[in-house]
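Colleague: I'd like to go over a predicted model; first the sequence, then the structure.
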Amino acid sequence: MSAGVCIMNKNAIALAADSAVTIGNHKTIFNSANKLFALSDKAPIGAIIYSNVEMQYIPMEIILKQFKLYLGDIVFPELKDYFNSFIKFLLEKENLFHFNNTESAFVKGIYISLLNGLKNDYESEIRSKIEEKGKNLTQKELIAIARKVTKQTIDYVEMLPNNKNVSLSSYISKTYSTDIADYISANFTWIADDMRTDLINSVCKVFDKVFYRAGFVGLAFAGYGEDDIFPKMLHINISGIINHQVVYTIIEEVCLSEINTAAITPLAQKDVMQTFLYGINDELINALKMDIPQQITTAFTGIDSSFFADNKKNEVENTIVAAAGPIIQNIIYTAQRNYMIPMINSVAILPVEELSLLAESMIHITSIRRKVALDDNVGTVGGPIDIAIITKADGFQWLRQKSISK
């Protein structure tokens, strides 16, 4: 895991990243990883990586430093051109990085991740039913559960957003459907024969969807194109290459202008930074979106229907549940008004040195939280903090770097 941040105003960009890297599901944590990079000696552009430090078994540090050599003296009109050049570079250098040799393992990791979710749903549903009934389930009940959770996985894949950057399902079906079928036959004997084909088809379809459960490299490009007077940031999730197609999704693009004068973009473990900056974080907002309607429904279950006019209980319940949306939106609006907007207004006028100090502080408070709080993320942010400033005139400048290599 990681923590990174990109803070921009019209004068400069401040980038900061921690150095922690987690190995083997928190079994080992090292505090020496490089996650912040200068991408050019000629152009004012840098990058932060987070989540995985490898793409398809190749360290991202190697890939990005080779990309820097590939760029050489080239400069582009816009920031996005550098990312497009990076995608081109990955495809041209497939053999250098041996992506073709690791494709099958990469593909297997994706479909196993999806199918592990199905297995977990099946086992969880069985445990829940046993607790409910207080006895072991019959074969008929087990079959019903198997059909239910298999259909849920098929429906889940259908609901995932399409990844417009790739078209892989036909290739996956042609090349790997036998491997997928063999894996299902060996590990999912409880799946009915008449659903097996539909499940295999869904597994192939997931490669055309936005699905990163098997892991990804978070990548943020920040800087200036030749024609940019104000800074920009491009945030991408990228996982690998299949059949000469780079599997990636653009998460967001942040562009400053005369009107949009500042931006703070936390990366990776965002909850602590968001709470400090905005008074609330995405994790809490998503929990409220789920919990408030559930609490209302639970409360209505215990209310006698005689308190309502004929057939009006459900209508009243649905009306109150619908009100949860505006309540949450008002919470978000209040957080923006009282926390985010004052902070953005301040960042817009910060001198370059103060901009870098704020970026460092965002990583530092996240690191403190991960050291003190005994939760699943303990120790996952830490080590030296690398800090860089990028300006249009002076380019990429290190303010603090644990490694002397650039």
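Modeller: Great, that's in hand. Keep in mind that this is a model prediction, so the values were computed, not measured.

Colleague: Which stretches in this protein count as helices?
Modeller: Remark: helices assigned in the chain by DSSP state H are 60-71, 79-92, 94-97, 103-133, 139-159, 169-187, 193-205, 271-278, 282-301, 313-322, 324-335, 341-347, 352-372.

Colleague: Against which helices or strands is the shortest one packed?
Modeller: In other words, helix 94-97. helix 60-71 (3 or more CB pairs under 8 Å, 6 or more residues apart in numbering; DSSP states H and E). Yep, even glycine has a C-beta here, placed from its N, CA and C like the rest.

Colleague: hmm, 6 Å instead?
Modeller: Using 3 or more CB pairs under 6 Å, 6 or more residues apart in numbering; DSSP states H and E, no helix or strand is in contact with helix 94-97.

Colleague: and if you look at the fifth one?
Modeller: The contact analysis (3+ CB pairs under 6 Å, 6+ apart) places helix 139-159 against helix 103-133, helix 193-205.

Colleague: picking up where we left off before, which one of the helices of the chain is the most hemmed in?
Modeller: Greatest average neighbour count among these goes to helix 271-278 (a mean of 20), per mean count of other CB atoms under 10 Å.

Colleague: Off-centre distance for that helix?
Modeller: Relative to the chain's own centre, helix 271-278 is displaced by 17 Å; criterion: CA atoms, centre = their mean, to the nearest Å.

Colleague: Using CSV, list the CA coordinates for that helix.
Modeller: Taking only C-alpha atoms (Å, rounded to 0.1, in the frame of the first residue of the first chain), the coordinates of helix 271-278 have been written out as CSV:
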residue,chain,number,x,y,z
ASP,A,271,-9.0,8.5,4.0
VAL,A,272,-6.8,10.4,6.5
MET,A,273,-6.0,13.2,4.0
GLN,A,274,-9.6,13.5,3.0
THR,A,275,-10.7,13.7,6.6
PHE,A,276,-8.2,16.4,7.4
LEU,A,277,-8.9,18.4,4.3
TYR,A,278,-12.6,18.0,3.8
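
Colleague: how about stretch 229-245: buried residues?
Modeller: 230-243, 245 (16 or more other CB atoms under 10 Å).

Colleague: what's the farthest-apart pair in these?
Modeller: Spatial extent of those (CB to CB) is set by the pair Phe230 and Asn243 at 38.1 Å.

Colleague: picking up where we left off before, mean pLDDT and distance to Ser32 for the helices of the chain - can I get that in CSV?
Modeller: Listed next are the helices of the chain as CSV, based on pLDDT from 0 to 100; distance: least, CB to CB, whole Å:
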stretch, mean pLDDT, distance to Ser32
helix 60-71, 97, 11
helix 79-92, 97, 25
helix 94-97, 94, 23
helix 103-133, 95, 26
helix 139-159, 96, 38
helix 169-187, 97, 36
helix 193-205, 96, 38
helix 271-278, 92, 22
helix 282-301, 89, 28
helix 313-322, 88, 50
helix 324-335, 91, 36
helix 341-347, 95, 30
helix 352-372, 94, 15
